[in-house]
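S.K.: Here's a sequence, model it:
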Amino acid sequence: MWLAVCVLAVGAGVVHQWQTGRIGALGDYAYIVDTAWRIAQGEVMYRDFGLPHSPLTFHVQATLIKVFGFSYGLTAWYCTVVNVVYVLLTYRLVRVLVPGWSGVGLCVPLVWLAPHSIYPHPFYDPDACWLILLNLNLLHWVATQRVGAVVAFLGGVTTVLPALAKQNVGYPYVLLVVVGVVWWGWLRERWLGGVGEGEGEGVEVVGLRWFGAGVAAGVVGAVVWLGLTCELGNYWRWVFTSASRRVPDWIVKSAYKSYLMWFVWFCLSALALGWWLWQRERPAIKPFPVISAALVFWFIALIVATQRDYLLWSWSAVLVPGWWGWQQVRSMNPSSRLSITSMALLLGPFIAISLMASFLGHFFINAYHPVVFLWIPIMILTMVVGLWHLPSVLFSSRLMWVLLPWLTVILAFLSFLSQGYINSSYGIWAFFVLMVAYVASPLTGNPRQPLVCWGVAITLTLAAVPYVQRNNRLCYIDQQGKVQTITSGPLCGFTAHGPYLDNFTELLGFVADHIPKAEPVVCIPHEDPFYAVTGRRSPLPMFIFDRTANPFPPERVLEEAERRQVKWVIVKRVLQFGGLAGETKGIPEAFSEKYSRVAQLKGYDILYRSSSAQADSP
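M.R.: Numbering: from 1, shown residues only. Next comes the predicted model:
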């Protein structure tokens with residue numbers, strides 16, 4: 001089985017390499033690598049320049065740049081390795097919940113839904129998730145095996161790493177792990193007086209205690225490191241205070257509305273009813289009146305709520321064959337009817353999603369692709385199943401089986417608050433797989449469990465392939481026009497649609513010929529990896545001028561440029577991410593009032609102001 005999982009992991013890496021040859025997001029890539037370049041040159045985050053994000057992703061890329069030098073190929077291979085490790089770590093946790101080939105099946109969709117299969121560049125969401133997976137594997141190892149005190153301690157130290165990668169997910173994760181370790185390492189044994197009956201091998205308490213000591217040491221070490229480098233006040237100001245003030249209202253509204261969508265409750269009712277029927281052990285039960293009423297209700301609700309004909313037809317494509325199959329099972333015995341009905345209800349939403357994605361995918365041209373609509377139903381179902389089993393697991397020795405459902409749901413919910421319900425899902429599909437595994441775990445021993453797991457895997461994969469192939473997650477960038485690929489230099493291999501790479505190449509040539517390397521240059525809105533490619537240093541205490549990363553008004557940005565004697569300003573006119581024009585409104589205009597345009601390239605305006613002119617300004 002491990003060989004099969006290794007094949008899946010390599011497959012996820014291959015998909016990422018394929019993806020890098022199809023598309024690239026200049027603004028996102030520049031944000032990571034230019035920040036890392038700045039750190040590699042000796043500047044300190046939060047002290048010398050501000051960013052409203054945790055530091056780890058940027059420091060990892062800065063370390064790679066220091067060791068190997070900057071190149072696009074380096075960051076691409078880093079993402080490939082993350083994809084491979086992501087699948088392997090997820091499988092190890094899935095096996096805690098479901099056995100054998102069922103676990104292998106649930107990892108199949110991750111070939112396409114691993115973070116960098118969807119999104120090809122380094123980013124903090126994938127980094128935070130795979131670090132959580134790593135730490136959970138270490139926690140499970142320490143809790144179930146006798147390991148040395150040093151190993152357990154070092155495993156605990158890694159608990160703080162997700163917090164340094166993404167604050168709104170990592171810090172709650174540290175708190176949840178602390179609660180789990182304290183309960184199983186100290187309190188549970190006192191309350192229970194030892195391992196309860198039927199608990200099996202129990203928890204390795206000594207190892208957990210050393211793990212907990214490692215968590216404490218990791219937290220202290222992180223605080224000391226931040227205090228010695230950037231100072232804790234600066235860190236708090238940028239990562240918490242400044243970031244929380246600039247969370248757009250639409251994110252909160254999107255998260256709220258996403259839980260009220262009719263589709264969510266449509267899928268949830270099918271999944272919950274199917275799971276409940278599977279738990280019934282009495283074959284004499286007659287679920288047909290309940291199922292019939294539910295089908296009628298769902299169909300009426302679909303007709304009333306659906307505003308687009310293609311959704312109605314896609315669901316009809318499921319319901320009509322479903323009705324025919326219903327007629328076929330009526331002649332079966334009650335036990336078989338119950339099993340078939342429960343399986344149909346459990347797999348029905350996944351089948352419907354795969355049909356919508358495969359045959360009607362051309363209607364879904366933005367991030368709201370059918371495959372992401374399954375998140376909330378699975379999250380709520382996981383919570384329901386967790387509450388169902390809560391009385392029996394309160395004193396269980398199976399730490400991970402108790403911890404995983406709550407941890408994955410809470411962290412997924414918090415992740416959605418950073419970019420909205422849809423946009424934050426690309427980095428955490430491992431949590432989705434773990435939630436499905438937990439829902440299926442009570443079915444262990446039932447011969448139909450592999451059918452359910454593989455049914456979910458196949459249908460989810462069929463929905464994921466067009467989602468990745470059409471790059472729905474990257475719908476915010478221009479995907480029209482001819483595909484261009486840079487064939488030389490540090491950006492060799494970078495691929496994008498449209499004229500943006502040719503325009504950037506022209507800009508690099510102009511800068512090399514006309515702007516001395518010693519003179520500072522400001523790029524607005526900083527959509528290109530200008531500084532890492534040219535080896536220059538940004539003169540301003542901020543980066544890309546979107547509302548998330550830049551807290552300063554246009555007047556303050558201009559004031560900083562004048563104070564630092566900036567002569568040259570590059571204003572990008574033709575943007576790959578058109579939304580930046582609105583988010584940077586006022587900044588190009590502010591510079592145009594004080595700087596003169598000396599050149600106009602295909603995609604850029606070159607502005608200049610001499611030092612004497614700046615000195616004479618009031």
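S.K.: Can you show me the strands along the stretch 501-618 of the chain?
M.R.: 521-524, 568-572, 596-600, 604-608 (DSSP state E, counting those that start in this stretch).
S.K.: Report how many residues lie close to residue 589.
M.R.: Using other CB atoms under 10 Å, residue 589 has 12 other residues around it. C-beta: built from backbone N, CA, C; applies to glycine.
S.K.: can you list the residues that contact stretch 435-445?
M.R.: 94, 97-99, 102-103, 106, 271, 275, 278-279, 378-379, 381-382, 385-386, 389, 401, 404-405, 408-409, 412, 449, 452-453, 456 (CB atoms under 8 Å, 6 or more residues apart in numbering).
S.K.: Pull out the buried positions in that stretch.
M.R.: For stretch 435-445, burial by neighbour count (16 or more other CB atoms under 10 Å) applies to 435, 436, 437, 438, 439, 440, 441, 442, 443.
S.K.: Need the phi and psi values for the third one.
M.R.: Backbone torsions of residue 437, given as degrees, to the nearest 10, read phi -60, psi -40.
S.K.: tell me the pLDDT at it?
M.R.: On pLDDT, residue 437 comes in at 95.
S.K.: Can you tell me which of the contacts of stretch 435-445 are buried?
M.R.: Counted by 16+ other CB under 10 Å, those give 94, 97-99, 102-103, 106, 271, 275, 278, 378-379, 381-382, 385-386, 389, 401, 404-405, 408-409, 412, 449, 452-453, 456 as buried.
S.K.: hang on, the earlier thing: mind checking which of the contacts of stretch 435-445 land in strands?
M.R.: Assigned to strands by DSSP state E, none of the contacts of stretch 435-445 qualify.
S.K.: what are the ranges of the strands in the stretch 51-200 of the chain?
M.R.: Under DSSP E, counting those that start in this stretch, the stretch 51-200 of the chain gives no strands.
S.K.: got any ranges where it has weak pLDDT?
M.R.: Along the stretch 51-200 of the chain, segments meeting pLDDT under 70 span 192-200.
S.K.: one more time with 90, if that's ok
M.R.: Residue ranges of the stretch 51-200 of the chain with pLDDT under 90: 51-52, 99-101, 183-200.
S.K.: tell me, how many neighbours does residue 23 end up with?
M.R.: So residue 23, with other CB under 10 Å, has 16 neighbours.
S.K.: who's in contact with it?
M.R.: Under the criterion of CB under 8 Å, 6+ apart, the contact partners of residue 23 comprise 120, 471, 474, 477, 479, 495, 496, 497.
S.K.: Helix, strand, or coil at it?
M.R.: coil (DSSP: H, G, I helix; E, B strand; the rest coil).
S.K.: hang on, the earlier thing: considering the contacts of residue 23, which possesses the most neighbours?
M.R.: residue 120 (29 neighbours).
S.K.: rewinding a little: and of the contacts of residue 23, the nearest to residue 541?
M.R.: Closest approach to residue 541 among those (CB to CB): residue 477, at 26.7 Å.
S.K.: my read: that closest one touches residue 575, true?
M.R.: No. Counting by CB atoms under 8 Å, residue 477 does not reach residue 575; the two are 9.2 Å apart.
S.K.: Mind checking which of the contacts of stretch 435-445 land in helices?
M.R.: 94, 97, 102-103, 106, 271, 275, 278-279, 378-379, 381-382, 385-386, 389, 401, 404-405, 408-409, 412, 449, 452-453, 456 (DSSP state H).
S.K.: hang on, the earlier thing: dump the contacts of residue 23 to CSV, plus distance to residue 263.
M.R.: Output for those, formatted as CSV (distance: CB to CB, whole Å):
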residue, distance to residue 263
120, 29
471, 23
474, 23
477, 27
479, 26
495, 34
496, 33
497, 31
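S.K.: ok, residue 566 to residue 588 distance?
M.R.: Going from residue 566 to residue 588 by CB to CB, to the nearest Å gives 14 Å.
S.K.: Next up, the contacts around residue 8.
M.R.: By CB under 8 Å, 6+ apart, the neighbours of residue 8 are 87, 91, 104, 107, 108, 110, 111.
S.K.: Which residue ranges of the stretch 151-300 of the chain form helices?
M.R.: For the stretch 151-300 of the chain, the helices defined by DSSP state H, counting those that start in this stretch occupy 161-165, 167-182, 188-192, 205-229, 232-236, 243-245, 249-258, 262-279, 288-305.
S.K.: between the second one and helix 205-229, how big is the angle?
M.R.: The reference is to helix 167-182. 150 degrees (axes from the mean of the first three to the mean of the last three CA atoms, to 10 degrees).
S.K.: which other residues reach helix 167-182?
M.R.: 53-54, 128-129, 131-132, 135, 139, 156, 159-164, 208, 211-212, 215, 219, 239-240, 243, 399, 403, 406-407, 410-411, 414-415, 417-418.
S.K.: same question, the fourth one
M.R.: Judged by CB under 8 Å, 6+ apart, the contacts made with helix 205-229 from elsewhere in the structure are 44, 47, 138-139, 142-143, 145-147, 149, 152-161, 163-164, 174, 177-178, 181-182, 184-186, 189, 232, 235, 399.
S.K.: Residue 484 in helix, strand or coil?
M.R.: Residue 484, by the three-state scheme (three-state DSSP), is strand.
S.K.: tell me the contacts of it?
M.R.: Taking CB under 8 Å, 6+ apart, one finds 495, 496, 497, 498, 499, 500, 501, 502 in contact with residue 484.
S.K.: Need the pLDDT of it.
M.R.: Taking residue 484 on its own, its pLDDT is 95.
S.K.: partners of it in the sheet?
M.R.: For residue 484, the beta-bridge partners under DSSP bridges are residue 496.
S.K.: Sketch out the low-pLDDT regions of the stretch 351-500 of the chain for me.
M.R.: Across the stretch 351-500 of the chain (using pLDDT under 90), the flagged ranges come out as 351-374, 376, 384-402, 416-425, 440-452, 466, 470, 472-473, 475-476, 481.
S.K.: how does it look with 70?
M.R.: In the stretch 351-500 of the chain, residues with pLDDT under 70: 359-368, 393-395, 420-422, 444-445.
S.K.: how about the CA coordinates for stretch 476-486, as CSV?
M.R.: Extracted C-alpha coordinates of stretch 476-486, given in CSV (Å, rounded to 0.1, in the frame of the first residue of the first chain):
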residue,chain,number,x,y,z
TYR,A,476,-8.3,36.6,-10.7
ILE,A,477,-5.4,36.8,-13.2
ASP,A,478,-5.7,37.2,-17.0
GLN,A,479,-5.7,33.9,-18.7
GLN,A,480,-6.4,35.2,-22.2
GLY,A,481,-4.0,35.5,-25.1
LYS,A,482,-0.9,33.6,-26.1
VAL,A,483,1.0,31.6,-23.6
GLN,A,484,4.5,33.0,-23.0
THR,A,485,7.4,31.3,-21.3
ILE,A,486,10.7,32.9,-20.3
